[in-house]
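>>> structure, please.
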Amino acid sequence: MKHTQRMSNPVSICVIGSGYVGLVATVCFAEMGHQVICVDNDEARVRTLNEGGVPIFEEHLPELLAKHLGSGVTFTTDLGVAVERCEAIFIAVGTPPQGDTGAADLSYVEAVVSEIARAINGYKVIVEKSTVPVYTNDWIRRVLHRHGVDPNRFDVVSNPEFLREGTAILDFLHPDRIVVGAGTERSANLLRRIYEPLTGGSYYAQANALQGACSAERPAKLLVTSAQSAEIIKHASNAFLALKISFINAVANLAETVDADIEDIAAG
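Alright, predicted model coming up:
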């Protein structure tokens, strides 16, 4: 029998960036029972979000935002205050391709990390949520060192997302895997604590939980790796998806040439 259950050990979370990934992560962490502050430097966007406006279309997002706004979720432009109040800081800013090479532009990440460095007031776990190159975790660590932050006051973790537009909320709350790339047991344990409502199944036992592939009997799986492995997992997953799409498109072209049915071929 399902029941309503309050989380006994919530984590204070800061999500930096109210774009697609950041906004989905914000409401889903709140839905899991955590206290979440979402930070964005766009004052108009923050005002809209604090008034309950949803700037992107995503199924279940308006309902979850309305449910948690003002209780589990707040929005602000003050990154420093948010960092001071939170145990885990998720970086979900854009990393657009640049120039002819298409290399990720990490300037937004660097600007955010520099601000985090000025606000650190105790041990923090800084989490890469954006799509970034391998060894970005080491690069973030070096940026913090350049700003004089004591290495004992932070850890950097990679926690890539695997979300599909239109089903991102369910993908987040009912994942086929949660990947955590952590270099220390202390930081890995905090991420385990964050995702415990999903991996332990307590979220799915609630009466008002969103229904999906996972359940209290079949909870989400968490895989702990090195940060470098987690970063490669994200890129390998993206590349494999592109490969599968290219492959079935090539088969579809062949099917059309010989008057075969691609739906039958895919099923077979």
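>>> all contacts plus neighbour counts: C-alpha atoms, from now on.
OK.
>>> who are the packing partners of the longest helix anywhere in the chain?
Counting by DSSP state H, the longest helix found in the chain is helix 227-257. On a contact count with 3 or more Cα pairs under 8 Å, 6 or more residues apart in numbering; DSSP states H and E, helix 227-257 meets strand 154-158, strand 178-181, helix 262-267.
>>> any idea of the angle the first one forms with helix 227-257?
Spelled out, that is strand 154-158. With axes from the mean of the first three to the mean of the last three Cα atoms, to 10 degrees applied, the angle from strand 154-158 to helix 227-257 works out at 20 degrees.
>>> and the helix or strand just after strand 154-158, what does it pack onto?
Elements were assigned by DSSP states H and E; along the chain past strand 154-158, the next helix or strand is helix 168-173. Secondary-structure packing of helix 168-173 (3+ Cα pairs under 8 Å, 6+ apart): helix 20-31.
>>> tell me the helix or strand right after the helix it packs on.
Counting by DSSP H and E, what follows helix 20-31 is strand 35-39.
>>> so how far is the very next helix or strand once past that next one off the chain centroid?
Once strand 35-39 ends, the next helix or strand along the chain (criterion: DSSP H and E) is helix 43-50. Centre-to-centre, helix 43-50 and its host chain are 21 Å apart (Cα atoms, centre = their mean, to the nearest Å).
>>> I'd like the helices and strands packed on helix 227-257 laid out as JSON lines, including distance to Y135 and mean neighbour count.
Output for the helices and strands packed on helix 227-257, formatted as JSON lines (distance: least, Cα to Cα, whole Å; neighbours: other Cα atoms under 10 Å):
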{"stretch": "strand 154-158", "distance to Y135": "10", "mean neighbour count": "26"}
{"stretch": "strand 178-181", "distance to Y135": "11", "mean neighbour count": "24"}
{"stretch": "helix 262-267", "distance to Y135": "38", "mean neighbour count": "10"}
